[in-house]
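Enquirer: Could you work out the structure for the sequence below:
(one chain, ligands or ions: 1)
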Amino acid sequence: MCPPAWVADNIPTLLRPTILLWIAAYHFFMTILEIIFVERKPTKLLNLTNVRMQSFARLWTYNGEAMSEEMPGPLDELLSRCQGVILDIGPGSGELLRRFKTEKISAIYGAEPAADLHAGLLRNARKAGFGDKYHALLCGGEPESLIPALHKSGILKVSGTGGTAENGVFDEICCLRVLCGVPHPKETIKGLYELLKPGGRMIICEHVANPWRTEGSMLARFLQVVFTILGWPFFMGGCELQRHTPEFLRAAGEWEKFDLEYVGAKDAVPFVVGELVKKL
Ligand SMILES: C[S@@+](CC[C@H](N)C(=O)[O-])C[C@H]1O[C@@H](n2cnc3c(N)ncnc32)[C@H](O)[C@@H]1O
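Expert: Below is the predicted model:
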């Protein structure tokens, strides 16, 4: 391909995250203004982590629906097969809930740490027809936050904060655009593996470090470093572009099936989508 054609074909895709980064920075500054002039609680600015969380919730409230219209790869089909008791890590405002078949699901637990997203989450759960099958938990996916919340909800008999659960309580666990932002991802993913029943399924749709050594692109991998330096994790609520999530998933435990495919492998925000089945 001649250089101008290559530029026309590749640069827009590679630079698309710039737009999102600008939008995230805009919401961050609007959040600061809202805290000062609308909420009139300027001392809240002292807790930068909470400000960033609130800012990401604002970004997602305004843009989550548009960013969920088209999902990568075979995700719709994977979600339509979900059944039994489900754990959904970081459901946000529940934009993806309508893709599940509610009649196949007996209960679904959404572990969402952003309090500002819970109203939208419950509204979308009702709209999708979950009724009282939906349980919104105010917690993260990391064991020290998730395990006590699950214990409080009644589904886990044992408590503790170390990530040890009974040998699996969930038929399926969904990690959809969330593992990029969980703290200590290796341990968090291991904790989720332990919560999955033997033979249970994990549905994955995550953006990851560009696989430039195999099917990816060195330029896209370089741009991931650039976007990170420009403040992607700061403005995007802790979301990291360079996570090696497939490796962490592989190392979490023994799998009967490990079926992940790259979608947009040459992009600056490439996804892995697929299903993993825990060994019986
Ligand atoms: C990009 S949004 C994705 C929302 C939803 N899963 C979807 O795909 O539509 C990421 C979500 O993860 C949540 N999140 C951030 N840190 C988290 C953590 N430690 N554990 C669980 N969820 C977290 C955010 O609050 C946000 O709702």
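Enquirer: touching the ligand at all, the worst-scoring helix or strand of the chain on mean pLDDT?
Expert: Averaged element by element with mean pLDDT, DSSP states H and E, the chain has its least confident helix or strand at helix 3-33 (a mean of 87). No - Helix 3-33 stays clear of the ligand (Cβ under 6 Å from any ligand atom), getting no nearer than 10.7 Å. Yep, even glycine has a C-beta here, placed from its N, CA and C like the rest.
Enquirer: just stretch 168-178 next, same as before
Expert: Yes - Stretch 168-178 is in contact with the ligand by Cβ under 6 Å from any ligand atom, via 176-178.
Enquirer: Show the buried residues in the residues you listed.
Expert: 176-178 (16 or more other Cβ atoms under 10 Å).
Enquirer: Just the buried positions in the one helix or strand Thr188 maps to, please.
Expert: Secondary structure assigned from DSSP states H and E places Thr188 in helix 185-195. Across helix 185-195, burial judged by 16+ other Cβ under 10 Å covers 185, 187-195.
Enquirer: Could you save those residues as a markdown table and add columns showing pLDDT and distance to Glu39?
Expert: Formatted as a markdown table, the buried residues of helix 185-195 follow (pLDDT from 0 to 100; distance: Cβ to Cβ, whole Å):
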| residue | pLDDT | distance to Glu39 |
| --- | --- | --- |
| Pro185 | 97 | 32 |
| Glu187 | 97 | 35 |
| Thr188 | 97 | 31 |
| Ile189 | 98 | 36 |
| Lys190 | 97 | 38 |
| Gly191 | 96 | 34 |
| Leu192 | 97 | 35 |
| Tyr193 | 97 | 40 |
| Glu194 | 95 | 39 |
| Leu195 | 96 | 36 |
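Enquirer: quick one: which of the residues you listed is nearest the ligand?
Expert: Thr188 (7.4 Å; Cβ to the nearest ligand atom).
Enquirer: dump the residue contacts of the closest one.
Expert: 141-143, 179, 182 (Cβ atoms under 8 Å, 6 or more residues apart in numbering).
Enquirer: what's His135 in contact with, if anything?
Expert: 107-110, 153.
Enquirer: just those residues now: which is nearest the ligand?
Expert: Gly110 (8.9 Å).
Enquirer: packing partners for the strand or helix carrying that closest one?
Expert: Using DSSP H and E, Gly110 maps to strand 105-111. Here strand 105-111 touches strand 84-89, helix 118-128, strand 134-137, helix 143-153, going by 3 or more Cβ pairs under 8 Å, 6 or more residues apart in numbering; DSSP states H and E.
Enquirer: closest to the ligand out of these?
Expert: Taking the helices and strands packed on strand 105-111 one by one with Cβ to the nearest ligand atom, strand 84-89 is closest: 5.1 Å.
Enquirer: Tell me what angle that closest one forms with helix 143-153.
Expert: Relative orientation of strand 84-89 versus helix 143-153 (axes from the mean of the first three to the mean of the last three Cα atoms, to 10 degrees): 140 degrees.
Enquirer: Could you identify the helix or strand that succeeds the least confident helix or strand of the chain?
Expert: Assigned by DSSP H and E, the successor of helix 3-33 is helix 48-63.
Enquirer: Wondering if whichever helix or strand comes after that following helix reaches the ligand at all.
Expert: As assigned by DSSP H and E, the chain's next helix or strand after helix 48-63 is helix 75-80. No - figure legend: helix 75-80 not in contact with the ligand (Cβ under 6 Å from any ligand atom); closest approach 9.3 Å.
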